[in-house]
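> no sequence on this one, just coordinates:
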């Protein structure tokens with residue numbers, strides 16, 4: 001995520017903002033009984049849904065309601081709809097779009113639902129949703145600070161020829177157009193005209209309506225009676241602001257909230273054993289990376305030096321120490337995506353060999369190499385950096401850790417002001433950014449993402465994959481590109497991908513936990529109390 005030239009909402013979605021909202025709309029867990037939840041499964045039958053009740057949750061902080069900002073994106077699914085939704089177990093499904101087709105590989109035609117109304121809140125006041133609302137929403141999305149550059153890069157035009165049709169024509173075939181439209185919350189233009197900044201306002205066509213919102217105290221939402229699905233079954237959600245993790249755990253143990261979100265297994269264990277609790281374990285889509293900038297450290301242009309870095313790392317030790325053994329090795333595309341390389345290939349590529357690392361450094365004339373590792377002083381970055389430093393020291397590489405304030409570190413990262421750094425890619429909807437980030441100029445194809453290492457062969461395969469709409473053909477290209485990336489050893493080295501744990505009292509029914517705490521099918525669960 002942090003490697004993008006600008007932090008777009010698409011890059012941030014479910015990521016840093018969701019981490020900030022830990023305990024709120026993000027997922028992780030705890031509990032007594034534990035079970036697995038494979039991402040590709042349909043939610044298990046748990047009886048007939050029951051209507052009524054309010055689901056109580058907690059968050060350490062709530063920042064915004066604007067769905068087109070990083071701070072507001074974790075809450076967007078409560079209030080807003082999109083054309084299509086990506087899910088872990090049902091694939092890509094229509095939301096506001098009932099169907100879509102691709103003509104000549106360039107023209108995408110979406111047929112929209114005719115039965116949708118905006119929530120009955122001024123100034124939209126329950127008016128009908130029409131295709132021009134999608135056009136206005138895309139216009140605003142593109143104008144937002146830090147917006148994705150993909151609209152301008154890939155899309156030639158988009159329009160609403162009538163009230164139930166939205167079309168987009170791409171400049172070249174673009175495999176991820178559904179992801180692009182699926183990230184754009186549909187908002188009424190009247191709300192933007194009246195309020196401008198939507199930080200404290202929410203008017204959409206989604207499952208819930210805003211009751212009250214305070215950054216200091218929390219959020220109350222009520223069921224939208226105009227919503228075009230049978231769910232939500234509950235009457236609302238109550239999201240309290242509780243500023244620290246220990247207090248959220250205490251609230252869960254006291255049954256003051258129904259669901260607890262923990263950021264790692266150890267925190268989940270703090271409430272394990274609470275009577276009537278079930279834990280569901282799932283593979284997250286967040287994953288850690290080590291980035292090497294040869295622009296500022298010319299030694300890293302030599303593939304032998306990058307390989308020495310790569311094979312000196314003890315990734316399994318990172319999983320054991322940072323995730324308490326609860327994670328998987330992450331290849332160039334991490335394992336939660338279906339385009340990830342087979343597990344055995346990744347394990348073979350990451351076989352640690354300190355002796356060979358020393359030999360490579362000697363052959364490159366880089367014995368006694370010393371570099372700076374820049375990190376943001378938060379989360380588990382300091383611990384991760386300490387492991388990397390110790391690993392590389394065994395190979396004869398000296399690492400000086402430069403731990404700075406998060407904002408300054410992030411700014412320097414995006415400007416390329418570092419030699420090496422560790423960062424976390426957060427849960428992306430598709431594999432586009434994880435895969436395309438290995439392009440010589442990053443997924444945005446800009447000089448600001450250039451790390452001083454050119455690889456035309458990898459770039460050509462990635463360009464082809466991005467323009468291959470057929471899923472199976474794109475998967476073959478993704479595998480080919482990843483195998484080359486592993487042989488080239490960076491300049492971005494992937495580390496590991498953690499597991500998450502969803503914890504809830506057993507009276508919460510019908511929910512399949514994944515790394516996404518938002519979107520369609522995230523509000524079709526219910527409360528079943530005697």
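Perfect, I can see it now. Everything numeric here is computed off the predicted structure, so don't read it as measured data.

> For the closest residue to residue 208 other than its chain neighbours, give its distance to residue 207.
Among residues not flanking residue 208 along the chain, residue 221 sits closest, at 3.9 Å (C-beta to C-beta, 6 or more residues apart in numbering). Quick note: C-beta positions are derived from backbone N, CA and C, even for glycine. Counting by C-beta to C-beta, to the nearest Å, the separation of residue 221 from residue 207 is 9 Å.

> got it, and residue 249?
On the measure of C-beta to C-beta, residue 249 and residue 207 end up 28 Å apart.

> which of those two has more neighbours?
Per other C-beta atoms under 10 Å, whichever of residue 249 and residue 207 has more neighbours is residue 207, with 25 against 22.

> I'd assumed residue 226 was in contact with the more buried one.
No - look at residue 207 against residue 226 with C-beta atoms under 8 Å: they stay out of range, at 10.0 Å.

> what's stretch 246-258 in contact with?
Under the contact criterion C-beta atoms under 8 Å, 6 or more residues apart in numbering, stretch 246-258 has outside partners 23, 30, 55-58, 60, 240, 242, 259-262, 267, 270-271, 274, 503-505, 507-508, 527.

> Enumerate the positions of that stretch that are buried.
248, 249, 251, 252, 253, 257, 258 (16 or more other C-beta atoms under 10 Å).

> now stretch 356-366
Within stretch 356-366, the residues that count as buried by 16+ other C-beta under 10 Å are 357, 358, 360, 361, 364, 366.

> from these, which ones fall inside helices?
When DSSP state H defines the helices, the subset of those inside them is 357, 358, 360, 361.

> circling back: let's verify the residue nearest to residue 208: helix, strand, or coil?
Of the three states, residue 221 takes strand according to DSSP: H, G, I helix; E, B strand; the rest coil.

> just the one 5 residues further on next, same as before
Put simply, residue 226 is coil when judged by three-state DSSP.

> wait, what's in contact with it?
Neighbours of residue 226 in contact, by C-beta under 8 Å, 6+ apart: 116, 117, 118, 119, 120, 126, 205.

> Near the third one, how many residues? Count them for me, please.
Okay, so that is residue 118. Applying other C-beta under 10 Å, we find 25 other residues in the vicinity of residue 118.

> surely it meets residue 129?
Yes - using C-beta under 8 Å, residue 118 makes contact with residue 129 at a distance of 6.1 Å.

> anything in contact with each of the two?
residue 205.

> ok, back up a step: now secondary structure and distance to residue 464 too, for the buried residues of stretch 246-258, in JSON lines please.
What follows is the buried residues of stretch 246-258, written out as JSON lines (DSSP: H, G, I helix; E, B strand; the rest coil; distance: C-beta to C-beta, whole Å):
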{"residue": "248", "secondary structure": "helix", "distance to residue 464": "46"}
{"residue": "249", "secondary structure": "helix", "distance to residue 464": "49"}
{"residue": "251", "secondary structure": "helix", "distance to residue 464": "51"}
{"residue": "252", "secondary structure": "helix", "distance to residue 464": "48"}
{"residue": "253", "secondary structure": "helix", "distance to residue 464": "53"}
{"residue": "257", "secondary structure": "coil", "distance to residue 464": "48"}
{"residue": "258", "secondary structure": "coil", "distance to residue 464": "47"}
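
> Any stretches of this protein with poor pLDDT?
Counting by pLDDT under 70, the ranges of the chain that qualify are 1-45, 88-90, 515-522.

> Which elements pack onto the helix or strand containing residue 422?
Assigned by DSSP states H and E, residue 422 belongs to strand 420-425. With contacts defined as 3 or more C-beta pairs under 8 Å, 6 or more residues apart in numbering; DSSP states H and E, strand 420-425 has these neighbours: strand 287-292, strand 370-376, helix 381-394, helix 406-415.

> Quickly note the distance from residue 100 to residue 113.
12 Å.

> Just give me how far stretch 126-141 sits from the chain centre.
Relative to its chain's centre, stretch 126-141 lies at 25 Å (C-alpha atoms, centre = their mean, to the nearest Å).

> buried set for it?
In terms of neighbour count (16+ other C-beta under 10 Å), stretch 126-141 has its buried residues at 129, 130, 131, 133, 134, 135, 136, 137, 138, 140, 141.

> now these as JSON lines including distance to residue 371?
Shown next, in JSON lines, are those (distance: C-beta to C-beta, whole Å):
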{"residue": "129", "distance to residue 371": "54"}
{"residue": "130", "distance to residue 371": "56"}
{"residue": "131", "distance to residue 371": "53"}
{"residue": "133", "distance to residue 371": "51"}
{"residue": "134", "distance to residue 371": "48"}
{"residue": "135", "distance to residue 371": "49"}
{"residue": "136", "distance to residue 371": "48"}
{"residue": "137", "distance to residue 371": "45"}
{"residue": "138", "distance to residue 371": "43"}
{"residue": "140", "distance to residue 371": "43"}
{"residue": "141", "distance to residue 371": "39"}
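
> For residue 146, state which of the buried residues of stretch 356-366 is nearest.
residue 366 (37.2 Å; C-beta to C-beta).

> Run through the residues that contact the closest one.
Residue 366 neighbours (C-beta under 8 Å, 6+ apart): 299, 302, 305, 308.

> How many neighbouring residues does residue 161 have?
Neighbourhood size, residue 161 [other C-beta under 10 Å]: 10.

> what do you get for residue 409?
Residue 409 has 23 neighbours, counted by other C-beta under 10 Å.

> partner residues bridging the closest residue to it other than its chain neighbours?
Excluding its sequence neighbours, the residue lying closest to residue 409 (C-beta to C-beta, 6+ apart) is residue 376, at 4.0 Å. Residue 376 has these beta-bridge partners by DSSP bridges: residue 404.
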